Every structure is written in structure tokens, then in C-alpha cells.
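*Asks:* Output the structure for:
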Amino acid sequence: MALETTPPSTQTDDNYRIRFVPTIAGAAITVAEWEDGDDITYSLTPDGWNPEQDQATVVDDRLTLAQALQRPGKKTKGLTVKYVDGATGAASVLTEGLAGYIVVRPLVANETAAAAAQKVVVWPVICGEQMDDAPVANGVFTKTQKLFVTGVVTRQTLAA
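*Replies:* Take a look at the predicted model:
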């Protein structure tokens, strides 16, 4: 029996970019809209990108069937971020009540310019309250913030 092929991997370091984009006019985000956004990737702490997903279970019982059946139900997505506290970056961009989009571009070098056909994930959000985290010894000041997901999170490609 032949050994299965090991798929190639991509290192995460410097191959991830996150922006806050204020507006997306059409069905898909454009390169210009991406460029209009604010970079927040390097504001985030190593534990500061926390997307969550849960999915409800729909019970699908049947008359006299000995086993309870299930179907997938509604999905719930959430997003919490933690970032360094400062006069620029996420602390100044993600103000409470601000609506927009968190757009994530994975698997592309951070320094690479945006281009049509690059894959992104778009999170429509409203920014919650910024919470000052407790200070720690030998550390930096940070904030934690819940971003409320206000629409369907979608996987898209950047449009020209």
C-alpha cells in the first residue's frame, strides 16, 4: 500500500493581514475598499484574534424510531480581539459603536499589495466597548473588545 501524500503547509508568520474596512458598496469587497481600510494585524497580541463559531442542533425525532436524529441548525459566529493600547492602530480605529467590516487575508505575505482574486474573509461588525486589561509584570498595556457580528461572515475574493 502506498503512503498517502502529505499536503504542503504555509507558515502563519507574516502571512496574515487584518484590516478594518469602513464600507463595502457591492456584493464583494474591492481592492480599493481594502486599501481604504486600516491595518490592525500588528496591533493584535498573539492571543488577540479569537473568532468563535457554534452551531445549534435541530432535533429530528421520528415516530417510534429508537434513535433520536439530528440536523445542523443555525450558526453563531463571534469575534473578540485583544490589542496593544496606543494612540494608533486598533485602539484608535475600533471605537465603540463603529460599524464596518473586519477583513482577513490569510495565506498571503503581509507585505504583498492587495490584488484582485486574493481570498479574504469578511466579518460585518459593530465595535463594542474597549476594556482596559489588567496590567502585567514585564508586559505592555492591552485592551480587549467584543466585535458584534451583524451580518453573514463570507469568504470572498477581492474584486478589481
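*Asks:* Please tell me how far residue 49 sits from residue 160.
*Replies:* The spacing between residue 49 and residue 160, counted by Cβ to Cβ, to the nearest Å, is 28 Å. For every residue, glycine as well, the C-beta is placed using N, CA and C.
*Asks:* between those two, who's got more neighbours?
*Replies:* The residue with more neighbours, out of residue 49 and residue 160, is residue 49; 18 against 8, by other Cβ atoms under 10 Å.
*Asks:* What values do phi and psi take at the more buried one?
*Replies:* Backbone geometry at residue 49, expressed as degrees, to the nearest 10, gives phi -110, psi 110.
*Asks:* ok, it to residue 158 distance?
*Replies:* 20 Å.
*Asks:* in the helix or strand that contains residue 121, what's buried?
*Replies:* If you go by DSSP states H and E, residue 121 is part of strand 119-132. Going by neighbour count (16 or more other Cβ atoms under 10 Å), the buried part of strand 119-132 is 120, 122, 123, 124, 125, 127, 128, 130.
*Asks:* do you know how far residue 111 is from residue 157?
*Replies:* Residue 111 is 20 Å from residue 157, by Cβ to Cβ.
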